[in-house]
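J.: next input, structure requested:
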Amino acid sequence: MSKILTIVIPSYNAEKTINSTLLSLDYQCGKYFNVLIIDDGSAQPIQPYIQPWIERYPSIIKCIRVKNNNWGGCVNYAIKHVSTKFLKILDSDDTFFVDHMNSYLQHLQSLAKTKVDTVITSFSIKNLKTGSLMKRRYNLKKKIVYTSFDNLRFNKILSMHAFTWSLSLLKKIQPLPIKIPYTDNLLVFRTILFSKNVVLLPNHIFVYNYNFGDVNQSMSWEKTVKNLPKLKHIYHAMFQSPISNLGYKRTKLLIASIKQMFYLIILIISLDNDIYDWQRKQQFNQELNFIEPYIKDKNITKKIKSGYLRIINRRSIPLVIRINKFVLLTSQVGFLKMFKMQYKENKYEKIRA
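T.: Now for the predicted structure:
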């Protein structure tokens, strides 16, 4: 029996977390999956830290060291070298639900001879600072659902943690940009754009556990501020994608992916209430400067800036701006043209310092 899945683990300086990641896999199901660890040019090679795992499961786990090209470069490498029907990406600081792996793999095995492009599963989000756990389900039913993105309507934004990709779909998608962060958002965008056949596994099958709140992660505040200028590349790649002749629901999902990126720029400072100082105000203004070309209504930008100034000035009781919704309009040729933001100045959420 040929294996159905390759679990790709992009790894960069992950010697403190990689063992927990590998420990979360069910190796009793090893006949169904491979693990490919891609060391993205870490300061210290990751292989010495995982050698016991490789020796214990030599037919399952392999490790390759490549030149540092960030997450997108690791995914591009995997697409070229993987041969299984499906591919799942597991970040080296996240984990799987070991108890659900067997069910997950059995479902994938049942899809081996189908033309499915994308498989969507439930996952959880864990806050490492507070220990809180949030569960995210996309399938409202306890049975498998065969559908397409033209027929799906989600109230939650799709993220890469929910996806299992067919290798045939990934080979059709343009290679991801290298040496820049947040390429996972672009991969989700292109997945929605190009997928024809989508399968939702039963909602009780949780596969992925996403950990956040660690300053060493790419999504930490410190690294987000540093990497924000590079987000322009992701935006341009999204804007240049033609979405004409697509169904309303698929277009809405594509817009939601871009909205998520916009949140990173507009809300990252507002939602982090740990530190409020003038340096951060200046950083926020710089971030708005490079996103302003995509916001046609300049009055909206002024409202965002003035609202943030009030947050900075009221240090005793920091406030979080609550933004109700985004409206994204598309032109007749299908390119995303305009961000329009509905912003209510009088709605704030008090947060104790």
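
J.: where along the stretch 1-150 of the chain do the helices fall?
T.: Per DSSP state H, counting those that start in this stretch, the stretch 1-150 of the chain carries helices over the ranges 18-23, 47-56, 70-81, 101-110.

J.: and of those, who's closest to residue 33?
T.: The stretch from the helices of the stretch 1-150 of the chain with the least distance to residue 33 (Cβ to Cβ) is helix 101-110; that distance is 6.4 Å. (Glycine included, C-beta is placed from N, CA and C.)

J.: flag every buried residue along that closest one.
T.: Counting neighbours by 16 or more other Cβ atoms under 10 Å, one finds that the buried residues in helix 101-110 are 101, 103-105, 107-109.

J.: ditto for stretch 60-78
T.: Residues of stretch 60-78 classed as buried by neighbour count (16+ other Cβ under 10 Å): 60-61, 63, 69-78.

J.: sorry, back to before: may I see the helices of the stretch 1-150 of the chain organised as JSON lines, with mean pLDDT added?
T.: What follows is the helices of the stretch 1-150 of the chain, written out as JSON lines (pLDDT from 0 to 100):
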{"stretch": "helix 18-23", "mean pLDDT": "96"}
{"stretch": "helix 47-56", "mean pLDDT": "97"}
{"stretch": "helix 70-81", "mean pLDDT": "97"}
{"stretch": "helix 101-110", "mean pLDDT": "97"}
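
J.: in JSON lines: those helices, plus distance to residue 9.
T.: As requested, the helices of the stretch 1-150 of the chain are exported to JSON lines (distance: least, Cβ to Cβ, whole Å):
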{"stretch": "helix 18-23", "distance to residue 9": "6"}
{"stretch": "helix 47-56", "distance to residue 9": "9"}
{"stretch": "helix 70-81", "distance to residue 9": "9"}
{"stretch": "helix 101-110", "distance to residue 9": "15"}
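
J.: nearest to residue 132, out of those?
T.: helix 18-23 (18.5 Å).

J.: which stretches of this protein have low pLDDT?
T.: 1, 155-156, 214-229, 232, 235-236, 239-240, 242-245, 256, 258-353 (pLDDT under 70).

J.: mind listing what the residue nearest to residue 38 when sequence neighbours are not counted touches?
T.: Among residues not flanking residue 38 along the chain, residue 74 sits closest, at 4.3 Å (Cβ to Cβ, 6 or more residues apart in numbering). Taking Cβ atoms under 8 Å, 6 or more residues apart in numbering, we find residue 74 in contact with 8, 10, 38, 40, 66.

J.: looking at the buried residues of stretch 60-78, which is nearest residue 249?
T.: residue 75 (26.3 Å).

J.: so who does the closest one touch?
T.: Contact analysis of residue 75 by Cβ under 8 Å, 6+ apart lists 8, 10, 89, 176, 183, 187.

J.: gap between it and residue 19?
T.: Applying Cβ to Cβ, to the nearest Å, the value for residue 75 to residue 19 is 23 Å.

J.: max pairwise distance over the contacts of residue 75: which two?
T.: 8 and 183 (13.5 Å).

J.: got CSV for the contacts of residue 74, with distance to residue 142 too?
T.: Formatted as CSV, the contacts of residue 74 follow (distance: Cβ to Cβ, whole Å):
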residue, distance to residue 142
8, 29
10, 32
38, 35
40, 38
66, 41
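
J.: and which of those is nearest to residue 237?
T.: Checking the contacts of residue 74 one by one against residue 237 (Cβ to Cβ), the nearest turns out to be residue 10, at 19.1 Å.

J.: who touches the closest one in this structure?
T.: Going by Cβ under 8 Å, 6+ apart, residue 10 touches 38, 40, 71, 74-75, 89, 91-92.
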